[in-house]
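*Asks:* Sequence below, structure please.
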Amino acid sequence: MHFQKLTVLASALLAQEALAGSAHRFAHREYHDKKDVVYAHTEVETVVEWVTVTAWDPPESQPTKVVSVFKGHHSAPPPPPPPPPPAPTTTSTSSTSSSSSTSVAPVVPAPATTLATSIKPQVQVAQASQPPALKAEANVDVSVGLGIGGGSVSTPAASPTGSTGGSSGAPSGGNKRGLAYNQGNLLSAFLNSGTKCNWSYNWGQTKDAGAPDSLEFVPMMWGPGPNHEPTWPSSAEKAIAAGTKDFLSFNECDHPGQCNMSPSDTAAAHIRLMNPYQGRVRISAPAITNSNSPGQGIDWLKQFFAACNGKCAVDFCAAHWYSPADPDEFLSHMVNVHNACQGKPVWITEFAPFGSDDQIDAFLKKVMNAMDNDPKYNFIERYSYFMVGPGSMISSGTSLSSYGKTFAYGS
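*Replies:* Alright, predicted model coming up:
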């Protein structure tokens, strides 16, 4: 027997997917005067961690395998072989080690992740040191200088969760579909004869000037802080006067690159900023990612409801989902969101699978058929694909991509 040094390479390609009101990210910045927010774009950042393990190993032992994990933009063709992405909200290290009949030096494993935990990563300002060959961009609302909690806000004596009024209900027959956008002038291509889209939102409080008036607009508060709070009361009142029936609360408070607040601070801020409209419109819980990490995703939502103690005005929950194109996993996750939402309806305000255009198209056909027609998923009131923009549902100019057509017009 002799000494043999085994070097285990743990490699993880974390594609900083950003794309939109929550994944909304790329290295340069541009400003939207009306909303006074920042569109941020980020490049893909590659993180490589080396772990060296010294072990006793007989000559006949099998060589250590190298495991590579990829996470790419959802509209780009996956690299061969098709790789499953890890959860991008945490730095994951995949490692393997050989085993033999003799003792092996232990390796501390990276935090466990599953494919279902993949979500949009944090906003990055710096460019990646080595940009990937494939990348895509999308403009999206990201507010500047947020993260202001509402912990000092006093809690009302009593304000039951839910039953806030408003007449919006679960649409049927394929009319649950909505359009998440940053450029209102791109919406008309989705609204021709036979469209299944009847509502929209843009991560902001007011619709874009170029957005068609015929398309219902749902305002979003996004989060507490000086970039949103000063305009919210007047924007909310104008929306109600114009006939709005639903308000979206905050955007991904469980994500460090978005609203980024603890469940308790979020509950206090929600009571202060959203509860005043209870009984006049239906109000969402803060939108969550699909991370399975502790303190994020569904776990964060449960903590939010616990912190609310029945005093937050919530009529439905908003959920986001970014993972490989697995329809069954997507639908199963939404059932879990529904349960964590205390049985209330669910809006899927951002979702996109990773894969080729054909894979995305097939995924959409299956999940939309289930959400539109299967009574098991009647709790899903509305859903909007991420997003109306080049590199996603727009192929070029104002032409729809193959799955953009499927989303807008497919049965």
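*Asks:* where along the stretch 101-250 of the chain do the strands fall?
*Replies:* Applying DSSP state E, counting those that start in this stretch to the stretch 101-250 of the chain gives strands spanning 141-142, 177-181, 197-201, 216-217, 220-222, 246-250.
*Asks:* so which of those gets nearest residue 388?
*Replies:* For those, the distance to residue 388 is smallest for strand 177-181, at 3.9 Å, taking CB to CB. For glycine as for every other residue, the C-beta is placed from the backbone atoms N, C-alpha and C.
*Asks:* Average pLDDT for the closest one, rounded please.
*Replies:* Here strand 177-181 scores 99 as its mean pLDDT.
*Asks:* now the angle from it to strand 197-201?
*Replies:* Calculated by axes from the mean of the first three to the mean of the last three CA atoms, to 10 degrees, strand 177-181 forms an angle of 40 degrees with strand 197-201.
*Asks:* Could you list the buried residues of strand 177-181?
*Replies:* 177-181 (16 or more other CB atoms under 10 Å).
*Asks:* Stretch 227-246 too?
*Replies:* 227-229, 232, 235-236, 239-240, 244-246.
*Asks:* quick one: contacts for residue 229?
*Replies:* Residue 229 is in contact with residue 273, counting by CB atoms under 8 Å, 6 or more residues apart in numbering.
*Asks:* what does the model give it for pLDDT?
*Replies:* 98.
*Asks:* If we only consider the buried residues of strand 177-181, which is nearest to residue 307?
*Replies:* residue 180 (27.6 Å).
*Asks:* was I right about that closest one contacting residue 386?
*Replies:* Yes. With contact defined as CB atoms under 8 Å, residue 180 counts as touching residue 386 (5.9 Å).
*Asks:* what bits of the stretch 51-200 of the chain have low per-residue confidence?
*Replies:* For the stretch 51-200 of the chain, applying pLDDT under 70 flags the ranges 51-174.
*Asks:* Quick one: list the elements packing against the longest helix along the chain.
*Replies:* Ranked by residue count, the top helix of the chain under DSSP state H comes out as helix 357-373. Using 3 or more CB pairs under 8 Å, 6 or more residues apart in numbering; DSSP states H and E, the elements in contact with helix 357-373 are helix 327-340, strand 346-354, strand 380-388, helix 402-409.
*Asks:* Pipe those into TSV and attach mean neighbour count per row.
*Replies:* Below are the helices and strands packed on helix 357-373 laid out as TSV (neighbours: other CB atoms under 10 Å):
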stretch	mean neighbour count
helix 327-340	18
strand 346-354	26
strand 380-388	25
helix 402-409	21
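*Asks:* can you tell which of those is closest to residue 209?
*Replies:* Closest among those, using CB to CB: strand 380-388, at 15.5 Å.
*Asks:* Whatever helix or strand comes next after the closest one: which residues count as buried?
*Replies:* Per DSSP states H and E, the first helix or strand lying C-terminal to strand 380-388 is strand 394-396. For strand 394-396, burial by neighbour count (16+ other CB under 10 Å) applies to 394-395.
*Asks:* Just the residues contacting strand 394-396, thanks.
*Replies:* Looking at what lies outside strand 394-396 - CB under 8 Å, 6+ apart - the contacts are 186, 189, 388, 390, 400-402, 404.
*Asks:* tell me the two of these that are most distant?
*Replies:* For the contacts of strand 394-396, the farthest-apart pair by CB to CB is 186 and 402; their separation is 16.6 Å.
*Asks:* State the three-state secondary structure for residue 283.
*Replies:* What DSSP: H, G, I helix; E, B strand; the rest coil gives for residue 283 is strand.
*Asks:* Kindly provide the distance from residue 210 to residue 183.
*Replies:* 7 Å (CB to CB, to the nearest Å).
*Asks:* Who has more neighbours out of those two?
*Replies:* Just comparing residue 210 and residue 183: by other CB atoms under 10 Å the higher neighbour count belongs to residue 183, 17 against 12.
*Asks:* which ones are touching that one?
*Replies:* Residue 183 touches 139, 208, 210, 388-389, counting by CB under 8 Å, 6+ apart.
*Asks:* can you check residue 403 too?
*Replies:* 357, 360-361, 364, 385, 393.
*Asks:* Nearest to residue 284, out of those residues: which one, please.
*Replies:* For those, the residue nearest residue 284 by CB to CB is residue 385; the value is 17.9 Å.
*Asks:* what's the closest non-adjacent residue to that closest one?
*Replies:* Sequence neighbours aside, residue 407 is the residue nearest to residue 385 in space, at 5.1 Å (criterion: CB to CB, 6 or more residues apart in numbering).
*Asks:* show me what contacts that neighbour?
*Replies:* So, once contact is read as CB under 8 Å, 6+ apart, residue 407 ends up touching 177, 190, 196-197, 364, 368, 385, 393.
*Asks:* Write the ChimeraX selection for whichever of the residues you listed are buried.
*Replies:* Applying 16+ other CB under 10 Å to the contacts of residue 407, the buried members can be selected in ChimeraX as follows:
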select :177,190,196,197,364,368,385,393
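*Asks:* could the contacts of residue 407 go into a markdown table alongside distance to residue 302?
*Replies:* Rendered in a markdown table, the data for those read as follows (distance: CB to CB, whole Å):
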| residue | distance to residue 302 |
| --- | --- |
| 177 | 28 |
| 190 | 35 |
| 196 | 33 |
| 197 | 32 |
| 364 | 29 |
| 368 | 28 |
| 385 | 26 |
| 393 | 32 |
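*Asks:* So for the residue lying closest to residue 315 once chain neighbours are set aside, what's the pLDDT?
*Replies:* Closest residue to residue 315 apart from its sequence neighbours, by CB to CB, 6+ apart: residue 282 at 4.0 Å. Looking at residue 282, its pLDDT stands at 99.
*Asks:* what bridges to residue 282?
*Replies:* Here residue 282 sits in beta bridges with residue 246, as judged by DSSP bridges.
*Asks:* count of residues packed around it?
*Replies:* Neighbours of residue 282 using other CB under 10 Å come to 27.
*Asks:* Count the residues that sit near residue 356.
*Replies:* 15.
*Asks:* same check, this time on the one 10 residues further on
*Replies:* Applying other CB under 10 Å, we find 15 residues neighbouring residue 366.
*Asks:* Identify the residues contacting it.
*Replies:* residue 327.
*Asks:* what about it, distance to residue 400?
*Replies:* For residue 366, the distance to residue 400 (CB to CB) stands at 20 Å.
*Asks:* Nothing else from me, thank you.
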